[in-house]
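In: return atomic coordinates for the entry below.
(2 chains)
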2 protein chains.
Amino acid sequence: MNARSDIDIHALMLDMGKRARTAARKLALAAPEKKTAALRAAAKAVRESASAILQANAEDISSIQAEKATPAFLDRLSLDAKRIEGIAEAVEVVANLKDPVGDVIASWTRPNGMTIERVRTPLGVIAVIFESRPNVTADAGALAFKAGNAVILRGGSEGFQSSQAIHAAMVRGLKSQGLPSDAIQLVPTRDRAAVGEILTGLNGTIDVVVPRGGKDLVARVEKEARVPVFAHLEGICHVYVHAPADLEMAKKIVLNAKMRRTGVCGSAETLLVDRALAGTHLKPLVEMLIAAGCEIRGDDATRAIDKRVKAATEQDWSTEYLDAIISAKVVNGVQDAIEHIEQYGSHHTDSIVTEDKEAAEKFLNEVDSAIVLHNASTQFADGGEFGFGAEIGISTGRMHARGPVGVEQLTSFKYRVHGAGQTRP
Amino acid sequence: MNARSDIDIHALMLDMGKRARTAARKLALAAPEKKTAALRAAAKAVRESASAILQANAEDISSIQAEKATPAFLDRLSLDAKRIEGIAEAVEVVANLKDPVGDVIASWTRPNGMTIERVRTPLGVIAVIFESRPNVTADAGALAFKAGNAVILRGGSEGFQSSQAIHAAMVRGLKSQGLPSDAIQLVPTRDRAAVGEILTGLNGTIDVVVPRGGKDLVARVEKEARVPVFAHLEGICHVYVHAPADLEMAKKIVLNAKMRRTGVCGSAETLLVDRALAGTHLKPLVEMLIAAGCEIRGDDATRAIDKRVKAATEQDWSTEYLDAIISAKVVNGVQDAIEHIEQYGSHHTDSIVTEDKEAAEKFLNEVDSAIVLHNASTQFADGGEFGFGAEIGISTGRMHARGPVGVEQLTSFKYRVHGAGQTRP
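Out: A predicted model of the protein is given here:
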């Protein structure tokens, strides 16, 4: 990279930010029906562009370096007709969501007769930095757009051509309704310097950054970003089986929380079981998990139950396996479980299984995580499962957005005051 | 300042952050009645400490450097018996506010029977950096505390002794209810390096910084902070008189918006008047303002009305006078007014005066400010006037808190999910 190229990227990105801000102003005032129609047209354009998208995707795949081409990586990157249909359908789902902009969240009248309304507005400009999955171009673009925001997308270099082809289709949708094509922009270069530029906030034109990808990406964004970030670094989620828990329910929930999909952020990484249940519940839970192909790394009390349980190290309690591995520990009641979760957890999603309502209430109140569940699987940590229709990610931050980040979380608000000549005494 | 002192401040501040985080965990679970009782006891302790506080204040005042001792500065710093009573009463007002923690903001049931609740939780640890007014020690401490947060206060060095005396009284209130005294901490040194430390976030222990003071302080915090900031840099507020506006109402609102108090952030700095009203409304408005002692800096059209109007420069449109000065401009209708406000305003508070509901609606929708008013004075930009009871400041940011930042805006939320054994398909 030479100095000349640096200057170009800097200017290019500042220009993108400026254009995004201008588009955001226009989009904030766009009629809901226009936004909906534009997204429907974008979905249609994605379908019509299927062959162009597949061709771009084939080019991306053919140029991957051999050492990167693991099966998991190729699976994330590859598109086929069914996946393209899935992309179009996801855009339609977002198109059909209720438009949040203009919603009156609260309103009240003051003693002097003024009425104050708290009204949803778009956030402004959202930057999404993602890795290999080309569908994020459409998903994240559509969701940010639905909430009236302009979005700057920066995809991984391996999916560059695929993202460009999908982006071109999305822009056709916007144009069909006369909406600014700058509302969904894709960084038109593979140069990694673009990420650093985005993280500076592009001269104040970016309101929030959403990293979508692995831990390295999220860690870098959280460390370097000069603007707010919606993200979670990891999901070290717990299932705590409290006496008295229904054994069948505990088995169902633990199996689902760990094994339904092991690679998602809401999958359980640690099983906590009350000492009082060591004889009755822990053994069948351990046997069930091992039978399902799950490796268990336990404390001494768990290992005493079943010799196939490996010894957990201190590091296991704070490890996000994202694999068919779970750490397991015997605890002395709900307070002990809460303390373990506070010490080792990541404030993402944690569940208690119990028939004791008081203990459940204590757990839900005192575990300081974005999502706390009673008698349900941690794998419900997902905007779709919350009824948000779609999400751009899950946030473990405490400011603005926490938990699944759906269309409403991509909005801000303002106060509208209706008076009749009131002046302040 | 030598290296040794640097190290001490660094360690001191990190320790404060750590203790704040521990206190925040405890305070998040404190019973509402305990917090209320602690604040009432703190108010009582402030009253009982009146003579100690006055003595500390006298010491502060006697050690001010002569060149700093302007009347305005001395007024901000000085306490007397009445002001101490005002501090105690303000703490009682906060004590009596509704406790926001645990409020169920929303709840819904999913098709699978799970009930999801969105529940308010404290934000965590709030740092407040302020200048000379010692009452902020009590005000900001009480408000952050009421919302279940720990707070780290850093006051200006000129009010150091006064703040310490007030802080000591506040802590007595907390202790009387067995609540952690680290919930309200005051930086125990005048060393300015403490501010830099706070802005780094103290190892992730600070969730948000609130600067309370002049533009230099806010600008520094916004520039250097590695954590979110609730603040406004300036309040360039507009009153736009649109045809057809009621002249008497326009006069009342313009006079109040500009002259009630000229030094507050919600005071109007620019008057915009429709060209159609130049003959009927602009002249009486200009005459009224001049008669009230206000200097007017206008465009040519305004100067044509009255020779006493000075010529506005380009810079006047983006100047926050905080004084009896207003810039004035003739515009060509609501769209022109909105564009002026977007170009020169600070997204704080703007008002339209008109009898035309459609124009008012357009203005309220399209002006992208935290507070937009119709037929009411911009000086209502205040948490108390919004019915929030108290505020820690006004935010022009678009994330999390916008407009007056009251007790509810100092909270976060989490999702509590109540299931009956649901697993994810």
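In: helix/strand/coil for the closest residue to chain B within the stretch 151-300 of chain A?
Out: Using CB to the nearest CB, the closest approach of the stretch 151-300 of chain A to chain B is made by A:Asn256 at 3.5 Å. For every residue, glycine as well, the C-beta is placed using N, CA and C. Reduced to three states with DSSP: H, G, I helix; E, B strand; the rest coil, the structure at A:Asn256 is helix.
In: burial measure for it, as a count.
Out: Neighbours of A:Asn256 under the rule other CB atoms under 10 Å in any protein chain shown: 23.
In: now do A:Lys68
Out: Other residues close to A:Lys68 by other CB under 10 Å number 11.
In: which ones are touching it?
Out: By CB atoms under 8 Å, 6 or more residues apart in numbering or on different chains, the contact list for A:Lys68 reads A:Glu158.
In: quick one: it from A:Arg192, how far?
Out: For A:Lys68, the distance to A:Arg192 equals 15 Å [CB to CB, to the nearest Å].
In: check A:Ser132 too.
Out: 14 Å.
In: of those two, which one has the most company?
Out: Set A:Ser132 next to A:Arg192 and count neighbours by other CB under 10 Å: A:Ser132 wins out with 24 against 12.
In: helix, strand, or coil at A:Leu322?
Out: Applying three-state DSSP: A:Leu322 is coil.
In: what about it, how many neighbours?
Out: 17.
In: so who does it touch?
Out: A:262-264, A:267.
In: of those residues, which is the most crowded?
Out: A:Ser267 (26 neighbours).
In: can you give me the strands for the stretch 201-350 of chain A?
Out: Assigned by DSSP state E, counting those that start in this stretch, the stretch 201-350 of chain A shows strands spanning A:208-212, A:237-241, A:268-274, A:295-298, A:310-311, A:325-331, A:349-353.
In: now the helix or strand where A:Ala42 lies: buried residues?
Out: Under the criterion of DSSP states H and E, A:Ala42 resides in helix A:32-48. Using 16 or more other CB atoms under 10 Å in any protein chain shown as the test for burial, helix A:32-48 gives A:35-47.
In: quick one: that helix near chain B?
Out: No - judged by CB under 8 Å from any CB of the partner chain, helix A:32-48 makes no contact with chain B; its nearest approach is 12.8 Å.
In: quick one: contacts of that helix?
Out: A:27, A:53, A:84-85, A:87-89, A:91-92, A:94-96, A:99, A:101-102, A:138, A:142, A:145-146, A:148, A:166, A:169-170, A:172-174, A:176-179.
In: how far does it sit from the chain's center?
Out: 23 Å (CA atoms, centre = their mean, to the nearest Å).
In: how many neighbours does the closest residue to A:Val128 other than its chain neighbours have?
Out: Once flanking residues are discounted, A:Val128 sits nearest to A:Ala140: 4.3 Å by CB to CB, 6 or more residues apart in numbering or on different chains. For A:Ala140, the neighbour count with other CB under 10 Å is 27.
In: ok, now A:Gly293?
Out: 9.
In: anything in the helix ranked longest in chain A near chain B?
Out: Assignment by DSSP state H gives helix A:3-28 as the longest helix of chain A. Yes - contact of helix A:3-28 with chain B (CB under 8 Å from any CB) involves A:25, A:28.
In: list the buried residues of that helix.
Out: Buried, per 16+ other CB under 10 Å, within helix A:3-28: A:9-10, A:12-13, A:16-17, A:19-25, A:27-28.
In: and what of stretch A:237-254?
Out: So, applying 16+ other CB under 10 Å, buried residues of stretch A:237-254: A:237-243, A:245-246, A:249-254.
In: I'd like the contacts of A:Leu322 laid out as a markdown table, including pLDDT and distance to B:Ala390.
Out: Shown next, in a markdown table, are the contacts of A:Leu322 (pLDDT from 0 to 100; distance: CB to CB, whole Å):
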| residue | pLDDT | distance to B:Ala390 |
| --- | --- | --- |
| A:Thr262 | 96 | 48 |
| A:Gly263 | 92 | 47 |
| A:Val264 | 93 | 43 |
| A:Ser267 | 97 | 43 |
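In: what residues sit buried inside the longest strand seen in chain A?
Out: Taking DSSP state E as the criterion, chain A has its longest strand at strand A:411-422. Within strand A:411-422, the residues scored as buried using 16+ other CB under 10 Å are A:411-419, A:421-422.
In: which residues of the stretch 51-200 of chain A lie near chain B?
Out: Counting by CB under 8 Å from any CB, the residues of the stretch 51-200 of chain A near chain B are A:102, A:108, A:110, A:114, A:116, A:121, A:123-124.
In: using PDB, write down the CA coordinates of the helix holding A:Ala42.
Out: Backbone C-alpha positions of helix A:32-48 (Å, rounded to 0.1, in the frame of the first residue of the first chain) are rendered in PDB as follows:
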ATOM      1  CA  PRO A  32     -43.600   4.300   4.800                       C
ATOM      2  CA  GLU A  33     -45.300   2.900   1.700                       C
ATOM      3  CA  LYS A  34     -42.400   4.000  -0.500                       C
ATOM      4  CA  LYS A  35     -39.900   2.200   1.800                       C
ATOM      5  CA  THR A  36     -42.000  -0.900   1.800                       C
ATOM      6  CA  ALA A  37     -42.400  -0.800  -2.000                       C
ATOM      7  CA  ALA A  38     -38.600  -0.200  -2.500                       C
ATOM      8  CA  LEU A  39     -37.800  -3.300  -0.400                       C
ATOM      9  CA  ARG A  40     -40.300  -5.400  -2.300                       C
ATOM     10  CA  ALA A  41     -38.800  -4.200  -5.500                       C
ATOM     11  CA  ALA A  42     -35.300  -5.000  -4.100                       C
ATOM     12  CA  ALA A  43     -36.400  -8.500  -3.300                       C
ATOM     13  CA  LYS A  44     -37.700  -8.900  -6.900                       C
ATOM     14  CA  ALA A  45     -34.500  -7.500  -8.300                       C
ATOM     15  CA  VAL A  46     -32.500 -10.000  -6.200                       C
ATOM     16  CA  ARG A  47     -34.500 -12.800  -7.800                       C
ATOM     17  CA  GLU A  48     -34.100 -11.400 -11.200                       C
END
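In: care to break chain A down by domain?
Out: Following automatic domain parsing, one gets these domains for chain A: A:3-230+A:405-416, A:237-380.
In: thank you, goodbye.
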